[in-house]
Structure formats: structure tokens, C-alpha cells
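Undergrad: Provide a 3D model corresponding to the input given below.
(chains A, B, C and D)
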2 protein chains.
Amino acid sequence: MKKITIGDASRQSGVKVPTIRYYEGIGLLAAPSRSEGNQRSYEPADISRLVFIRHARELGFEVEAIRTLLTLQDDPHQSCASADAIAKARLIEVEQRIRSLMALKVELEAMVEGCGHGRVDQCRVIEVLADHGQCAHPHHGLPVSSLSVS
Amino acid sequence: MKKITIGDASRQSGVKVPTIRYYEGIGLLAAPSRSEGNQRSYEPADISRLVFIRHARELGFEVEAIRTLLTLQDDPHQSCASADAIAKARLIEVEQRIRSLMALKVELEAMVEGCGHGRVDQCRVIEVLADHGQCAHPHHGLPVSSLSVS
DNA sequence: CCTACATCCTCTAGCGACTAGAGGTGCAAG
DNA sequence: CTTGCACCTCTAGTCGCTAGAGGATGTAGG
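TA: Purely as a prediction, here's the structure:
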């Protein structure tokens, strides 16, 4: 048995070292055995689990959803209805988010296009922001709190 | 002059009461005058500023970008090149985010469709998550850290 | 065997943009 | 005068990490 250090686990899974420790802390990944010098030593199964987690995160699943998906994976005789429901919910979220972003895109394009590159008092960017009534769409349908840049 | 309470300011602007106080704390909104009983008393101009901020947040602008946009608005003789640049940068972000989400949508649809609604050991949702090689696309192009649900 | 140096360890604090709650005060209606 | 809501300040929590301090371990070369 060759021992997999946390650094190797990171390179093999694509999950950063501090993130692996973080996942252990929140109980997404079981605490691995330790070397004599107290260093974490992973098994190939842990790498698979990390890849699973990373992929799910890339797909935008929340940690709590991933926790559920992982317990499902651990017990393959269960019905996969929950996994299906989680994926479907995420799909709906993604579709809604795409629609919202499309509306934003239209509005941002109008702002940028309308800007005559002059002074601020003629700038459509500033103007549109100050007066929501000028929007192409009445609203974008998202609570302010739910916005993210990325 | 009728005094506008923070509650009225909230209702008129669509920004929640604690968020208004938060914006004051981070210097996005000037501290208003106070009533005898130490309660905030807003002017109509403050409401406009809050509407501006809310709209910009709805469009996904970061607080720091909004801070810049607000200083531009406060000095209308400046060139609006910065405002234009901020809006353009945001537009590019939105376009990239839409592309990423479209890729996710394709993958999630394949997962959901492939699920035979049986047991977990035949579930494509779990399977795809465990093995990134099964993805339609090699990757989604986003760092894990940049993902958000909304 | 000694020294570098990378990698590992734990722990705490910070990010952005709020949100929730505790514990207390102001104010307007009945 | 009391009820009850809206307001006040302050601290701490949310999510999913990320950064840094300060120290221990492991490995490769001399």
C-alpha cells in the first residue's frame, strides 16, 4: 500500500489541499488514517470521493445536496429518486438563472450601446441605473440577495 | 418636509431595512439626519440613491463597482468612460456565465434523462458525478470556488 | 549526520453581501 | 396609559472556501 499524501490527493482529485481539510471538517469526507508523524494518508476510494465532490460542486450543487448524493452513493440499493430530484431541482435553478442572465444581458447591452462616451450627465449607463422604469423588462426576477458575480 | 423613516425608505426603494443600515455602515449611503428620538430620517434623494443601488445589485454589479458608479453620478461633468467600462466588464461576465450555465444545463439534462428511476447502482446521476469522463464536455470552465447556486 | 527545503500540521481570521437575533427605546393609536 | 409595532445598536451567523501564523515532519543532497 503506497500512502497518498494530502498533496497527492489534491493533485489527483483537483481539489485544493485546504479544501480537502475543510471537507473533512464539515464531514463530507471521512477523516483518513494518519502516518506516524500525524500526516493524513488517503486511499484510492477517497480520491474517487473527492472527484465526485468536485464534479458536483462544478455543477453547482450545494454541499448539503452533495452530502445527500454521497449517502446515496454509499448505499447503492436505495432508490435513486432523491438523486433524481436533486438533479432536477438543480436543472430548474440553472434554467431560471439562464433566463435571468439573458434579461440582464439585454439590458446591459442597451446600456453599453446607448453610452455616447461623453460626460456622465448624458450617460445611459448611469441613467438606466437611476431609473428602473427605463429597463427593457419590468424586472429581472431575482432577489437582490441571491446575486453573484460569477 | 415630511420625514421618511427607514421603514418607508425600505418600502419605497425595495431595499430591506437592515440592508439600508448595512449600506450606511459600508459608506455606500451617507448617514442621514436623525429625529429627536435618534431615528434615521431620509430625504427623497436618499430613496433615489437606494433605487440606484438596488438596480445595480440586481444587475449583478459588486458593491465596489457601485461605489464607483455612485461617485460618477455625483459628479456629472466627469467622463462616463469608467461607467461604460464597468458595464462592459459586467456584460462580459454575464455572457461567460450564460455559456457556462448552458453547458451545465446540457449535462444536467443528460443526467436526469438517463436516470431510469430505479436503484442507485443504475443511476446515471450518481454515475456521471463519480466519473467526470462521462461528461458531454470535458470541463465546464469554472473554478470550483466561483460557483453559486442562484 | 546535517542541512535545506518542501510539505505537512492546527488554529484563527477573513472574504462578500448580507441576515438573524438579542436586548433595549421611541412613537402613535385606542 | 397601555399595547404593540417600528426603530435603535451590537454581535454573530450564513456559505464555501482562502490566507496566514507558527510549528512539525519528511526527503534529498552533501
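Undergrad: phi, psi for the one residue sitting closest to the centre of chain A please.
TA: Closest residue to the average C-alpha location of chain A: A:Gly60 at 3.4 Å, with CA atoms, centre = their mean. Dihedral pair for A:Gly60: phi 90, psi 10, per degrees, to the nearest 10.
Undergrad: my guess is it meets A:Val94, correct?
TA: Yes - here A:Gly60 reaches A:Val94: they are 6.8 Å apart, a contact under CB atoms under 8 Å. Backbone N, C-alpha and C define where each C-beta goes, glycine included.
Undergrad: before we move on, the earlier item: any idea how far A:Leu70 is from the residue nearest to the centre of chain A?
TA: For A:Gly60, the distance to A:Leu70 equals 16 Å [CB to CB, to the nearest Å].
Undergrad: kindly report the same for A:Gln78.
TA: For A:Gln78, the distance to A:Leu70 - CB to CB - is 12 Å.
Undergrad: and what of A:Lys3?
TA: On the measure of CB to CB, A:Lys3 and A:Leu70 end up 24 Å apart.
Undergrad: so which of the two has more stuff around it?
TA: Neighbour count, other CB atoms under 10 Å in any protein chain shown: between A:Lys3 and A:Leu70, A:Leu70 has more, with 17 against 14.
Undergrad: quick check: the more buried one vs A:Ser48, distance?
TA: The value you get for A:Leu70 to A:Ser48, if CB to CB is used, is 11 Å.
Undergrad: elements contacting the helix ranked longest in chain A?
TA: Counting residues, the longest helix in chain A under DSSP state H turns out to be helix A:81-114. With contacts taken as 3 or more CB pairs under 8 Å, 6 or more residues apart in numbering or on different chains; DSSP states H and E, helix A:81-114 sits against helix A:63-74, helix A:124-130, helix B:81-114, helix B:124-130.
Undergrad: how about those helices in JSON lines, adding distance to DNA strand D and mean pLDDT?
TA: Below are those laid out as JSON lines (distance: least, CB to the nearest atom of the strand, whole Å; pLDDT from 0 to 100):
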{"stretch": "helix A:63-74", "distance to DNA strand D": "3", "mean pLDDT": "90"}
{"stretch": "helix A:124-130", "distance to DNA strand D": "24", "mean pLDDT": "79"}
{"stretch": "helix B:81-114", "distance to DNA strand D": "15", "mean pLDDT": "85"}
{"stretch": "helix B:124-130", "distance to DNA strand D": "14", "mean pLDDT": "80"}
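Undergrad: CSV for those helices, including distance to A:Thr19?
TA: Listed next are the helices and strands packed on helix A:81-114 as CSV, based on distance: least, CB to CB, whole Å:
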stretch, distance to A:Thr19
helix A:63-74, 11
helix A:124-130, 36
helix B:81-114, 20
helix B:124-130, 17
